[in-house]
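Enquirer: next input, structure requested:
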Amino acid sequence: MKKVITMVGTSLYQNVKNELDDSPCKKWHDLKDKSYKEGENKEHAIKSIKGAIKEKWSDNANTSAEIASIIKIQAKLSTPISVHLIATDTIHSYLCAELIKEWFAKYPKESITIEEICHISGLQVKDKKPLKTKVWLIWWTK
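Expert: Residues are numbered from 1 along each chain as shown. Below you'll find the model as predicted:
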């Protein structure tokens, strides 16, 4: 079995947002740029968003770029794969990673196993300093 490691973006949400009511879209917007840790206090909003998205998705692999890519990678390799989803340090990324894992559970694809979601603390696009500092500290302490 080959391992596939892939970053998770928000294409899943982007692909269904036009089909959602205003409430989950507003909740999504309210969570913009919130760190993964802040999600502990936003469980109700996260659950609401996930529920709304799950009502709209289908077994179409184009539900998200990540899902489509994982399926294409497995087809190209012609071997079973175990997938490790890398979520940035945002609620949005982790929420989408959970939904991707749940999508594969609902619409299983032969030879594809989603092993885990790896949350990388400090990894986000707004400010490189938290991750850069963390990497420096890890290197310095070795």
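Enquirer: how far away is residue 52 from residue 59?
Expert: Distance from residue 52 to residue 59, counting by CB to CB, to the nearest Å: 18 Å. No exception for glycine: its C-beta is placed from N, CA and C like everyone else's.
Enquirer: in what helix or strand does the residue most central in space within the chain lie?
Expert: Centrality entry for the chain: nearest residue to the mean C-alpha point is residue 97, 2.2 Å, by CA atoms, centre = their mean. Per DSSP states H and E, residue 97 falls inside helix 91-106.
Enquirer: ok, then the element right after that helix?
Expert: Tracing the chain C-terminally past helix 91-106 and defining elements by DSSP H and E, one meets strand 112-119 next.
Enquirer: in that following strand, what's buried?
Expert: 112, 114, 117, 119 (16 or more other CB atoms under 10 Å).
Enquirer: next: stretch 50-58.
Expert: Under the neighbour-count criterion of 16+ other CB under 10 Å, stretch 50-58 has 50, 52-53, 57 buried.
Enquirer: likewise stretch 94-104?
Expert: The neighbour-count check on stretch 94-104 (16+ other CB under 10 Å) flags 94-101, 103-104 as buried.
Enquirer: give the closest residue to residue 67 in space, chain neighbours not counted.
Expert: Across the structure, with CB to CB, 6 or more residues apart in numbering as the measure, the residue nearest residue 67 apart from its sequence neighbours is residue 61 (5.5 Å).
Enquirer: let me know the pLDDT of that neighbour.
Expert: The model reports residue 61 with a pLDDT of 89.
Enquirer: same check, this time on residue 57
Expert: The per-residue pLDDT reported for residue 57 equals 84.
Enquirer: go on, residue 68?
Expert: On pLDDT, residue 68 comes in at 95.
Enquirer: would you say it is within a helix?
Expert: Yes: Residue 68 forms part of a helix when assessed by DSSP: H, G, I helix; E, B strand; the rest coil.
Enquirer: numbering from 656 from now on, please.
Expert: Sounds good: first residue 656 from here, last item residue 723.
Enquirer: that one reaches residue 729, doesn't it?
Expert: No: taking contacts as CB atoms under 8 Å, residue 723 lies outside contact range of residue 729: 11.1 Å.
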